[in-house]
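Participant: Sequence first, then the predicted structure:
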Amino acid sequence: MASVTCKLRSDVMQTTVEVQLYFPTDLPAEVGNDVKGVITLLHGFTNCGDSWMQMTAAQRYAADNGLVLIAPDCDNSFYQDMKYGGAYHTFVTQELPDQLSRIFRLPREREKNFIAGLSMGGYGALYLGLSHPDLYAGCASFSGAVDLGMMLQYGPREALLPVFGPVFGEELKLPESSDLYTLFEKVSKLPADRQPKIYLSNGLEDTPVYEIRRQNDRLHSVVKDLPLAHYRRMEWTGVHEWNFWDRSLVYAIDYFLENGYAARKLADWRSEPTVFDGEGKNV
């Protein structure tokens, strides 16, 4: 494998952005030597791209499937072109792919590019993926903050302003172009072959503070009736933490590639070991 930390100069933001990359250079024989695709991984609020590499088995899952991983640092931007901050929407969807394609010859074909994220990054993956269905064949949200309209009503203005003021401005108003409900409806009107695969997961106990489960329930109640060609939501016992997001990534890869990967990993996780004591007896 090859893990690379890049510091890329962004013209659109006039700063340097750190990006974590993983290249599957020692693929298993059954996978072959060709890169099968690229997944851009988006981090959560207060995290960074390296969190994905340090806290999950993302690199191992990528190696199993011949995937390159891209994990950029995007601040607490909610992946917007911020009102008072960086233009992260433009950076992730335009400038970053252009640079990486030029430097590392990464594939740009839509059918080989996917985007996924957790929490704030879960919203970001849906926001960017649905805003650019021509760029991504699939987008996945893990414990995503998928209803920002709901979040903007969670507390007093003085509590919300430090978080959302730099993103949307002092009015704390969600633009229509950033509203997932609007984006889902627009994508549902596209021909089936132009719609990305859409995956959502959330934990059944993910309720404190921002009511992530309720946000996902509310979004699902609306979009499940839209004519979406490729939509899947999953939930299971879990809270807002890395074990849940690690497993979610496996299910998303399986859904994107349709290769039975989740079933193979579930078999690994459920394998019962044979235990021997000091005398070599099976206990």
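Facilitator: It's in.
Participant: The residue nearest to residue 72 when sequence neighbours are not counted - how many residues pack around it?
Facilitator: Take residue 72 and drop its neighbours on the chain: the residue closest to it by Cβ to Cβ, 6 or more residues apart in numbering is residue 19, 4.5 Å away. (C-beta placed from N, C-alpha, C; glycine too.) Counted with other Cβ atoms under 10 Å, the neighbours of residue 19 add up to 22.
Participant: swap in residue 165?
Facilitator: That count, for residue 165 with other Cβ under 10 Å as the rule, works out to 17.
Participant: Quick check, it in contact with residue 173.
Facilitator: No: here residue 165 does not reach residue 173: they are 11.1 Å apart, not a contact under Cβ atoms under 8 Å.
Participant: show me where the stretch 151-283 of the chain has strands.
Facilitator: Shown for the stretch 151-283 of the chain, the strands assigned by DSSP state E, counting those that start in this stretch span residues 197-203, 231-236.
Participant: Kindly point out the strands partnered with the shortest one and how each is oriented relative to it.
Facilitator: Pairing partners of strand 231-236, with direction, according to DSSP bridges: strand 197-203 (parallel).
Participant: So which residues make contact with stretch 207-215?
Facilitator: Contacts of stretch 207-215 with the rest of the structure, by Cβ atoms under 8 Å, 6 or more residues apart in numbering, involve 119, 143-147, 150-151, 154, 202-206, 235, 240.
Participant: Over to it now: how far is its first residue from its last?
Facilitator: With Cα to Cα, to the nearest Å as the measure, stretch 207-215 spans 9 Å from end to end.
Participant: And that stretch, how far out from the chain middle?
Facilitator: Stretch 207-215 has its C-alpha centroid displaced from the chain centroid by 18 Å (Cα atoms, centre = their mean, to the nearest Å).
Participant: Report the rounded mean pLDDT for that stretch.
Facilitator: Stretch 207-215 shows a mean pLDDT of 91.
Participant: same thing with stretch 232-243?
Facilitator: Taken as a whole, stretch 232-243 has an average pLDDT of 97.
Participant: Using PDB, list the CA coordinates for that stretch.
Facilitator: Taking Å, rounded to 0.1, in the frame of the first residue of the first chain, the C-alpha atoms of stretch 232-243 are listed here in PDB:
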ATOM      1  CA  ARG A 232     -30.900   2.500   0.300                       C
ATOM      2  CA  ARG A 233     -31.200   3.300   4.000                       C
ATOM      3  CA  MET A 234     -30.000   1.100   6.800                       C
ATOM      4  CA  GLU A 235     -30.100   1.400  10.500                       C
ATOM      5  CA  TRP A 236     -28.900  -0.800  13.400                       C
ATOM      6  CA  THR A 237     -28.000  -0.600  17.000                       C
ATOM      7  CA  GLY A 238     -25.400   2.100  17.400                       C
ATOM      8  CA  VAL A 239     -24.500   5.600  18.400                       C
ATOM      9  CA  HIS A 240     -22.400   8.500  17.000                       C
ATOM     10  CA  GLU A 241     -19.000   6.800  16.900                       C
ATOM     11  CA  TRP A 242     -16.300   5.200  14.800                       C
ATOM     12  CA  ASN A 243     -17.300   1.500  15.000                       C
END
